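[1] Here is my input, please return the structure:
(chains A and B)
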Amino acid sequence: EAQVTQNPRYLITVTGKKLTVTCSQNMNHEYMSWYRQDPGLGLRQIYYSMNVEVTDKGDVPEGYKVSRKEKRNFPLILESPSPNQTSLYFCASSSRWRNEKLFFGSGTQLSVL
Amino acid sequence: AQKVTQAQTEISVVEKEDVTLDCVYETRDTTYYLFWYKQPPSGELVFLIRRNSFDEQNEISGRYSWNFQKSTSSFNFTITASQVVDSAVYFCALNLGKAAGNKLTFGGGTRVLVKP
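    Residues are numbered from 1 along each chain as shown, chains lettered A, B, ... in the order given. Predicted structure coming up:
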């Protein structure tokens, strides 16, 4: 089954404790991206990657890192989480040939205390 | 820069009523894609429809219909004869394609509450 898998689904952590949210897709997609969702703001893009070893900032990249060492994986790293990063995070992927159709993961609810 | 505005933050209706969700977008590009997503209480994003900028035909899918009007930069969504299962947050989104990093620009969402 074609899917984008994020883990964990829920995460509670404390300020400053490094964490990684994993994202993996099984569709051989070139494009991958991360979004955060906050009430009233919709979803905003954090980072995106157009292919392996190619990443770029989205609209709200501060406080986040990403890497794209393999085509299928695109982890989101918070090296020193802060409470304002409490949010619902979504990973998404799409094909370069149908790049307008994004597939979303199920989301990761992160709480930073 | 692109922008999507969903002016209605929350709409409450009684079952079987129709409900229309407004979406206004801004872009200078001539090629773009418009989307609607549904987010039920479980939290996942459910794709509803994609429209490209060259296709202004309205579309109907069951109880759902979409009205795309380039002249007013609007892409409105109507649920006919609403049901309790339609209760969700609905997002309108705009994608400019590869040139913009395939980024989806979302509106703030409209929460729809359908009461029995």
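
[2] How about the contacts made by residue A:17?
    residue A:81 (Cβ atoms under 8 Å, 6 or more residues apart in numbering or on different chains). (Glycine included, C-beta is placed from N, CA and C.)

[3] for chain B, what are the nearby residues on chain A?
    Residues of chain A found near chain B (Cβ under 8 Å from any Cβ of the partner chain) are A:31, A:33, A:35, A:40-45, A:48, A:50, A:56, A:58-59, A:88, A:90, A:92, A:94, A:96, A:99-102, A:104, A:106-107, A:109.

[4] so how many other residues sit close to the nearest residue to residue A:81 once chain neighbours are set aside?
    Using Cβ to Cβ, 6 or more residues apart in numbering or on different chains and skipping residues adjacent in sequence, the residue nearest residue A:81 is residue A:112, 4.5 Å away. By the criterion of other Cβ atoms under 10 Å in any protein chain shown, residue A:112 has 20 neighbours.

[5] Repeat that for residue B:103.
    So residue B:103, with other Cβ under 10 Å, has 24 neighbours.

[6] residue in chain B nearest to chain A?
    The nearest approach of chain B to chain A comes at residue B:106, 3.3 Å away (Cβ to the nearest Cβ).

[7] so how far is residue B:4 from the spatially closest residue to that residue that is not a sequence neighbour?
    In space, residue B:106 comes closest to residue A:42 once its chain neighbours are excluded; the distance is 3.3 Å by Cβ to Cβ, 6+ apart. Distance of residue A:42 to residue B:4, computed by Cβ to Cβ, to the nearest Å: 7 Å.

[8] could you measure residue B:91 against residue B:112, distance?
    In terms of Cβ to Cβ, residue B:91 sits 11 Å off from residue B:112.

[9] And for residue A:90?
    Residue A:90 is 20 Å from residue B:112, by Cβ to Cβ.

[10] Check for me that residue A:2 belongs to a strand.
    No: under DSSP: H, G, I helix; E, B strand; the rest coil, residue A:2 falls outside any strand and is assigned coil.

[11] Check the gap between the nearest residue to it once chain neighbours are set aside and residue A:112 for me.
    Closest residue to residue A:2 apart from its sequence neighbours, by Cβ to Cβ, 6+ apart: residue A:27 at 5.0 Å. Distance, residue A:27 to residue A:112, using Cβ to Cβ: 31 Å.

[12] which strand of chain A spans the most residues?
    For chain A, the strand that runs over the most residues, judged by DSSP state E, is strand A:42-51.

[13] Cheers, nothing more for now.
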